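>>> heads up, no residue letters with this:
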């Protein structure tokens, strides 16, 4: 590849990362792929080789939040982590883990709390919620346990005014790498003790 073309690709890649990060921060989009596509369209980039990876966008997202949202964003993360901890303690029998932007510290203005729990059947969690008069909506998403793709049940609920998404995995998945795509990195997650430490530290 000629040097000039390579430079243009790298420059466009960096611009897409910045715009995608701004879209995620300001519009509350959590889907990296969607943010990339929107950014590429805004910049008129048709070359898919110019698309940045998620790590590049996350780096720019942290920069944007630090520059333009500052203490507001940090306070939001602290609040969402405390809400997540309360929900996890209520769901302790299902071995809950916190994952997603709230754990990473990149939660935007409209972020949901993402939890993973483990049960032999999603019905166990549904009955648990129904018995406590906690309404929910059920949906599915595709995740990978190791290299195996499969449908994962997701229960969306309101926790004291904060939206929470609870993905229900099989008990054996707790020891496996869980990913959102076959080539993606394993999802970062933190159990109850780790989240308690985060909340106690005020981070």
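Here it is on my side, so go on. A quick note: this is a predicted structure, and the numbers were derived from the prediction, not measured.
>>> Poorly predicted segments of the protein, please.
1-5, 46-50, 146, 181-184 (pLDDT under 70).
>>> other SSEs contacting the host helix or strand of residue 21?
Using DSSP states H and E, residue 21 maps to helix 3-27. Counting contacts by 3 or more CB pairs under 8 Å, 6 or more residues apart in numbering; DSSP states H and E, helix 3-27 packs against helix 32-43, helix 54-64. The way it works is simple: take the backbone N, C-alpha and C, and place the C-beta from them, glycine included.
>>> Just want the angle from the longest one to helix 54-64.
Looking back up the chat, that one is helix 32-43. With axes from the mean of the first three to the mean of the last three CA atoms, to 10 degrees defining the directions, helix 32-43 sits at 70 degrees from helix 54-64.
>>> Need the residues that contact helix 32-43.
12, 15-17, 19-21, 23-24, 29, 46, 50-52, 54, 57-58 (CB atoms under 8 Å, 6 or more residues apart in numbering).
>>> Got a quick ChimeraX command for the buried subset of those residues?
Per 16 or more other CB atoms under 10 Å, the buried members of those correspond to this ChimeraX selection:
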select :12,15,16,17,19,20,21,23,24,29,50,51,52,54,57,58
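>>> The helices and strands packed on helix 3-27 into JSON lines, with extra columns for distance to residue 160?
What follows is those, written out as JSON lines (distance: least, CB to CB, whole Å):
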{"stretch": "helix 32-43", "distance to residue 160": "28"}
{"stretch": "helix 54-64", "distance to residue 160": "27"}
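>>> Of all those helices, which one is nearest residue 195?
helix 54-64 (20.1 Å; CB to CB).
>>> for that closest one, the distance to its chain's centre please.
Distance of helix 54-64 from the chain centroid (CA atoms, centre = their mean, to the nearest Å) equals 14 Å.
>>> That helix vs helix 3-27, what angle?
Relative orientation of helix 54-64 versus helix 3-27 (the same axes, to 10 degrees): 60 degrees.
>>> What helices and strands are in contact with helix 54-64?
helix 3-27, helix 32-43.
>>> Neighbours of residue 11, how many?
Residues lying near residue 11 (other CB atoms under 10 Å) number 11.
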